[in-house]
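Undergrad: just a sequence and a predicted model for now, questions to come.
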Amino acid sequence: MSPKKTITASMFVLFAAFASLAVGSQKTDSMQVRHGRLQVPEKVKTVLVHEMKTISTLMGDLLQYIVQGDSAKVSATAIEIRNTNLKQEFDAKEIKKILAILPKGFIELDRKFHMTANEVAKAVETNDFKIAINLYSEMTQGCLNCHTAYASERFKNLSN
């Protein structure tokens, strides 16, 4: 297989893996949805799932742009990932209530993920793609850590 086909195939597998992380949940009652040990109201769950699907797509794009050395697209995509959050869907009062029910560890992982996306954008300002790919790896590890800790019922294979 040619190097270009190998990269394309690898990117497809990675994208498929991210996409699979963004689907499925188990309903426990009409008001709450259980995500591993994370329980949130239905409206919050819907927004979180949408956010995860968006991030999944953007992470696939981000990897593609990093390996292509496209600074402008890496930066724009990383910033889009950084800005993808619950604040887009809820007002300040609702956000305060949501933050009160989310575990501190979940909030910390989420903030670190979005801050790291911002660091990717900064890294490519100087065309430092080695740092960008290392930061991308940190973001991916953050996804795995969060899904293992807070969505183990959805992603059973990650709990091993």
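TA: Done, it's in.

Undergrad: so which elements touch the strand or helix carrying M115?
TA: Using DSSP states H and E, M115 sits within helix 104-123. When contacts are defined as 3 or more CB pairs under 8 Å, 6 or more residues apart in numbering; DSSP states H and E, helix 104-123 sits against helix 71-83, helix 129-150. Every residue, glycine included, has its C-beta placed from N, CA and C.

Undergrad: how about a cut-off of 10 Å?
TA: If you count contacts as 3 or more CB pairs under 10 Å, 6 or more residues apart in numbering; DSSP states H and E, helix 104-123 packs onto strand 38-41, helix 42-68, helix 71-83, helix 92-101, helix 129-150.

Undergrad: out of these, which is closest to F113?
TA: helix 129-150 (4.4 Å; CB to CB).

Undergrad: pull out the buried residues from that closest one.
TA: 129, 132-133, 135-136, 139-140, 142-143, 146-147, 149-150 (16 or more other CB atoms under 10 Å).

Undergrad: likewise stretch 76-84?
TA: Those would be 77-78, 80-82, 84, for stretch 76-84 by 16+ other CB under 10 Å.

Undergrad: could I get these in a markdown table, plus columns for pLDDT?
TA: Output for the buried residues of stretch 76-84, formatted as a markdown table (pLDDT from 0 to 100):
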| residue | pLDDT |
| --- | --- |
| T77 | 98 |
| A78 | 98 |
| E80 | 96 |
| I81 | 97 |
| R82 | 96 |
| T84 | 91 |
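
Undergrad: of these, just say which sits nearest to H50.
TA: So of the buried residues of stretch 76-84, ranked by how close each gets to H50 (CB to CB), first place is T84, at 9.4 Å.

Undergrad: need the contact list for that closest one.
TA: 50-52, 54-55, 58, 113-114, 117 (CB atoms under 10 Å, 6 or more residues apart in numbering).

Undergrad: any idea which of these has the most stuff around it?
TA: Highest neighbour count within those: A117, with 26 neighbours (other CB atoms under 10 Å).
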